[in-house]
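Engineer: Generate a structure from the sequence data that follows.
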Amino acid sequence: MSATLEVRGLEVAYGTVPALRDVSFTVDEGEIVGLIGPNGAGKSTTLHAITGLVPATTGDVSLEGAPLRGKPPEKIASAGIALVPEGRRLFAELTVEENLRLGLAARRKQGDEEALAEVFELFPALVDARRRSAGVLSGGQQQQLAIARALVSSPSVLLLDEPSLGLAPTVVDLVFSTLQQIRERGIAVLLVEQRAQRTVALADRTHVLANGELRLTLTPDDAADTDRMVAAYLS
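Structural biologist: Numbers count the residues shown, from 1 in each chain. Below you'll find the model as predicted:
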């Protein structure tokens, strides 16, 4: 049986500068897989290569056995991969509900109203804010909206790029709790994060990326091992 998301031998270069070298991993239904590493390691590039935003020079990306590499981003999105980008990239002048309805455009199933009800249940703070412009929301509410907008498209795989960036500790707790709920719904999650210890503790497994290469794989048991965590970043 094919993995939900399979990345094999992925390589990306910016001009003559290698950004990813022979990156391989899988994410299955109901799994969270973390991707951590120092700044400039290639974490965001990995997400962008999966979603077709940057071209891969070699390697394969497949969703439930169907090849995706070389397809345009809109085709990859409609196949079932949703990205929550760093910085959220919401439409600030549109309301919460209008942003969510834009996410429905990529939905692969019937039942738009049911999809909205599901994300409002997952993010109750958005219910009272549904008529407010996204631009006036708090940072935590905006991040919730960005995740909700991706979820209404009914993805098989959810990619998140630094979802806790710039958030207060209590909101970070909410984001990580929500990721656990998303996993319980059977969605495959690939999580790029700087909060290494939190990510390792949450994810089924976490890959350490450095200089464009996967150097190490950590399990939740490694989250309390500070020396191993530090060594992972210095490997």
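Engineer: Can you give the contact residues for the strand or helix carrying Leu35?
Structural biologist: For Leu35, the host element (DSSP states H and E) is strand 32-36. For strand 32-36, contacts defined as CB atoms under 8 Å, 6 or more residues apart in numbering pick out 25-27, 43, 46, 179-180, 183, 188-194, 196, 199-200, 202-209, 218, 232. Just so you know, the C-beta spots here come from the backbone N, C-alpha and C atoms, and that holds for glycine as well.
Engineer: from the residues you listed, which would you call buried?
Structural biologist: The neighbour-count test (16 or more other CB atoms under 10 Å) marks 25-27, 43, 46, 179, 183, 188-193, 196, 199-200, 202-203, 205-209, 218, 232 as buried among the contacts of strand 32-36.
Engineer: and these, which of them are in helices?
Structural biologist: 43, 46, 179, 183, 196, 199-200, 202, 232 (DSSP state H).
Engineer: ok, the strand holding Leu35: who's next to it in the sheet?
Structural biologist: Partner strands and pairing direction for strand 32-36 (DSSP bridges) are strand 188-192 (parallel), strand 205-210 (parallel).
Engineer: closest to Thr16 out of these?
Structural biologist: strand 205-210 (20.2 Å; CB to CB).
Engineer: Show me how far the closest one is from its chain's centre.
Structural biologist: Centre-to-centre, strand 205-210 and its host chain are 14 Å apart (CA atoms, centre = their mean, to the nearest Å).
Engineer: Using PDB, write down the CA coordinates of that strand.
Structural biologist: C-alpha atoms of strand 205-210 as PDB (Å, rounded to 0.1, in the frame of the first residue of the first chain):
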ATOM      1  CA  ARG A 205       8.800  11.000  14.000                       C
ATOM      2  CA  THR A 206      10.800  14.100  13.300                       C
ATOM      3  CA  HIS A 207      13.500  14.500  10.600                       C
ATOM      4  CA  VAL A 208      16.400  16.800  11.200                       C
ATOM      5  CA  LEU A 209      17.400  18.800   8.000                       C
ATOM      6  CA  ALA A 210      20.800  20.500   7.800                       C
END
